[in-house]
Every structure is written in structure tokens, then in C-alpha cells.
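Participant: Turn this into a model:
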Amino acid sequence: MRYNQSGNIPPKRHTIFKSPEDKFYYEQLFGTEGFHGISSLLYHIHRPTQIKSIGEPKDVTPKIAVEKNVTPRMFKGMNVTPEDDFLDSRKILLMNSDLKMGLAKPRHSMDYFYKNAECDELLFVHEGSGVLKTFVGNLEFSTGDYLIIPRGTIYQVELKSEGTVFFVLESHSPIYTPKRYRNEFGQLLEHSPFCERDIVAPTFFEPKDEKGEFLIKVKKENQITDFIYATHPFDVVGWDGYFYPYKFNIKNFEPITGRIHQPPPVHQNFEGHNFVVCSFCARMYDYHPLAIPAPYNHSNIDSDEVLFYTEGDFMSRNHVDLMDFSLHPGGIVHGPHPGAMERSIGKKFTEEYAVMVDPFRPLKITEEAMKVEDPTYKTSWLESDDHF
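Facilitator: Numbering: from 1, shown residues only. Predicted structure coming up:
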């Protein structure tokens, strides 16, 4: 992340800051990892602590169907059920102690505010458009955008199209860009597949100076609790720092290619504790005269591999629909489907787009995932004359 400043802030932090009407503004430190991680300072019209009431918590713990998995699986995202409410629409399919991921198909915009108080969120817009409204500004989003939302961000999602679909990842650790692409000052290096110009910070808006009853749904430890606050949470007159939501479009990722097939780390876009997120994008294929563009068979012993297919035709798979999730557990060999390697030879270019998540701890499979599993996937590498 890079330093950003919006609105009005005092010349020195932790000092008196007043409105033109000689009323105090109220400073808030917004950050994670104690006082060690990146942070921002926000300045509110009203005290951000004015709780009027707290409701009973609602348990939203995903129900696990398969605790220990060694089976290659495919989950048909097209069959995940849409819901009217934004939070209800989140269907967690896969999870471990570091992260949760799944799909959300909300039909309606949020008429309340939301704060995830324990996880950073990555929302990838598979389809649709709208506005992510937060207390530090707004982000217009559309198909292909990654929305990175730090834990503690108070936000609303306004939908501007029907059929909006999000790939959702919740991380118990901060989500950052890869350290190997940044120098000691945090600047993205010349060989990084993206740069600061591709990262879009929120657009600041006029603060909401409103009193009343404002519902903020707060998620912590798999419970969502309704908090009623006395003032509008978007009353920030200014802020500065390194800690804020942002967007990055997958089509701004510049793939690293080579004469022979490059391994998945060249596609890395983000990372958290014990996982990485990669963007597979339209790119030139390998250009050695004898190159095989299809990925080689491999078994990553130390991580599971999840691919979410979002656009294009995937040459390594024979039968994949958009919105599908494939899961290949660590230690089990996987690779291109029969015929895919042969078909790839001589190809010069691909238009495929996918989000890949490699967790370094095994994933558990939820009941929601089992509702949409394709049971034929695990035997789909059998050659035709081997079927019986």
C-alpha cells in the first residue's frame, strides 16, 4: 500500500482539530496488528463510539461436510442459490483456520452498514457493477475488479446491475501484495506484474452529519451482531495513512511469460498468512519451438489448489463452466485433462481468466459446497478406453 490523504486533516497528528464552527473533530486510529501494522487516521464529526444498543448475536459458522479431504473436486458455482440480502447470499464453500472462500449472489443493495471485525475481505466481481461505499470514500466497481477491504472497514454495497456475482475470500490475516515485488520502501518494483497506477483508492465524498439510529452489522468469531449507533458512520471529514480499501482489475495484471511453461508463482497477485492469490490472465503462450503450453502434471505436497473460472476457455480442462471451482488437494497429482496437452501444442495465445487460491493448510469442505459438487470430476482424467 502507499500513503494516501483525502479531505481535511490537521497539520500534526493527535492534536486539536476543530470545525469552522469551533466544534471538535474526533480522531480515530484505524489499523491492525496492534500498533505495528499499517494504519490510517480518521477524523469524525461525531464520536465514533456512540452505541445505543446491541442485539443478540446470530451464529453464521459454516457447517463442515468433509473435515479431511484427499479427493479432487469440482463445485458448480452456477448452481449456488442467490439470496436477497448481501450477507445471507455469502455461501462459504471451502475453509480452514486461515481463510474462508465461496460465492455471493446478492439480489439487493445493503440498507444497513457492515463491518468484518476479524477478517480482511477480498471480493472479486465475477459479474455485475455497483459502488462499494465506505467511511473513507467510495469505489465504483465492475466485472473483473478485486475489492480489497481491510478488517474493521465499515461499508455498504450498492448494486447497479442484476445478477451480480462475487467470489468471496475472508482472511484472518492482512491481505497484501507480494513482498518479493516491493522494495524496502514499499514501492512496487519494475519487474512486478502490476504497479501503483493500477491500484485505485476510494474517492472521497462529503461527510454525513446525521444523528439517529444507524444499524451496523458486526461480524466476529462467526457471529453477526446488530449494533445501533447514534450517528452516521460516514461522518469522516478527512483521513490519511496506508490502511484503506482499494480496487484492482484483473485485466491490469501483466502476465510474466517465458520460452517454456512458467510455474504458478509468476501469476501471484496477493498474499496472506499461509495462502496466496493468483490471477490467470490472457497472455502469450510459451515461445520455445518445442514448448508445451499446457501445464505439466504436478502435485504440490504443501498446499491445496483452488481455481475459480471467471472468463474465457480453459485449455487445460475439457469440461469447465464459468463460475466453477476446482479443488486439487495437496499431495495428489493433477494436470491437464486427456487431450488438453496435445491440443495446446502450437497455440500462441490464451484469453482465459481465473482466480487461483493456494492455501498452505488443508481445506475443509462445507455442506454448501457439497450441494453443488460435480461427482464425476474425480475420474475425469480417465482416457476414453479406460472407462467401464
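
Participant: Does residue 70 touch residue 332 like I think?
Facilitator: Yes: judged on C-beta atoms under 8 Å, residue 70 makes contact with residue 332 at a distance of 6.0 Å. Glycine gets a C-beta too; all of them are placed from N, C-alpha and C.

Participant: between the two, who's got more neighbours?
Facilitator: With neighbours defined as other C-beta atoms under 10 Å, residue 70 and residue 332 compare such that residue 332 has more, 16 against 10.

Participant: For burial, what's the neighbour tally of residue 180?
Facilitator: 11.

Participant: Doesn't it lie inside a strand?
Facilitator: No: using DSSP: H, G, I helix; E, B strand; the rest coil, the assignment for residue 180 is helix, not a strand.

Participant: Just say helix, strand or coil for the residue positioned nearest the centre of the chain.
Facilitator: With distances taken as C-alpha atoms, centre = their mean, the residue of the chain nearest its centroid is residue 122 (1.8 Å). For residue 122, the assignment made with three-state DSSP gives strand.

Participant: Domain boundaries for this structure, per the record?
Facilitator: Per the TED database, the domain ranges recorded for the chain read 50-238, 250-379.

Participant: mean pLDDT lowest for which of these?
Facilitator: Lowest mean pLDDT within the domains of the chain: domain 250-379, a mean of 91.

Participant: Relative to residue 139, how far out is the residue lying closest to residue 116 once chain neighbours are set aside?
Facilitator: Closest residue in space to residue 116, ignoring its immediate chain neighbours: residue 219 at 4.9 Å, by C-beta to C-beta, 6 or more residues apart in numbering. As judged by C-beta to C-beta, to the nearest Å, residue 219 and residue 139 stand 20 Å apart.

Participant: Ok, residue 25 next?
Facilitator: For residue 25, the distance to residue 139 - C-beta to C-beta - is 24 Å.

Participant: Then residue 265 would be within a helix, right?
Facilitator: Yes: according to three-state DSSP, the state of residue 265 is that of a helix.

Participant: that older thread, and the closest residue to the residue nearest to the centre of the chain other than its chain neighbours, what does it touch?
Facilitator: Distances taken as C-beta to C-beta, 6+ apart place residue 169 nearest to residue 122, at 4.2 Å, with adjacent residues excluded. By C-beta atoms under 8 Å, 6 or more residues apart in numbering, residue 169 lies in contact with 99-101, 121-122, 124, 277, 357.

Participant: same thing but 7 Å
Facilitator: 99, 101, 122, 357 (C-beta atoms under 7 Å, 6 or more residues apart in numbering).

Participant: so residue 122 touches residue 146, yeah?
Facilitator: Yes: using C-beta atoms under 7 Å, residue 122 is in contact with residue 146, at 6.2 Å.

Participant: quick revisit: quick one: which of the domains of the chain is nearest residue 12?
Facilitator: domain 50-238 (13.6 Å; C-beta to C-beta).

Participant: Any idea what the residue nearest to residue 122 is bridged to?
Facilitator: residue 101, residue 122 (DSSP bridges).

Participant: which residues of the chain fall in helices?
Facilitator: Taking DSSP state H as the test, the helices found in the chain are 340-344, 367-370.

Participant: So which other helices or strands are in contact with the shortest one?
Facilitator: With contacts defined as 3 or more C-beta pairs under 7 Å, 6 or more residues apart in numbering; DSSP states H and E, the secondary structure elements packing on helix 367-370 are strand 90-95.

Participant: what are the pairing partners of the strand it packs on, and which direction each?
Facilitator: Counting by DSSP bridges, strand 90-95 is paired with strand 99-104 (antiparallel), strand 364-366 (antiparallel).

Participant: which residues sit against that strand?
Facilitator: In contact with strand 90-95 (C-beta under 7 Å, 6+ apart) are residues 62, 75, 80, 100-104, 168, 306, 325, 327, 363-366, 368-369.

Participant: centre of the chain versus that strand, how much separation?
Facilitator: Between the centre of strand 90-95 and the centre of its chain there are 13 Å (C-alpha atoms, centre = their mean, to the nearest Å).

Participant: again with stretch 49-57
Facilitator: With C-alpha atoms, centre = their mean, you get 28 Å for stretch 49-57.

Participant: Show the end-to-end separation of it, please.
Facilitator: Start-to-end span of stretch 49-57 (C-alpha to C-alpha, to the nearest Å) is 19 Å.

Participant: Show me what that stretch is in contact with.
Facilitator: 213, 223-231.

Participant: In that stretch, which residues are buried?
Facilitator: When burial is assessed from 16 or more other C-beta atoms under 10 Å, stretch 49-57 yields no buried residues.

Participant: list the contacts for residue 297?
Facilitator: With C-beta under 7 Å, 6+ apart, residue 297 has these contacts: 333, 335.

Participant: Alright, I will stop here.
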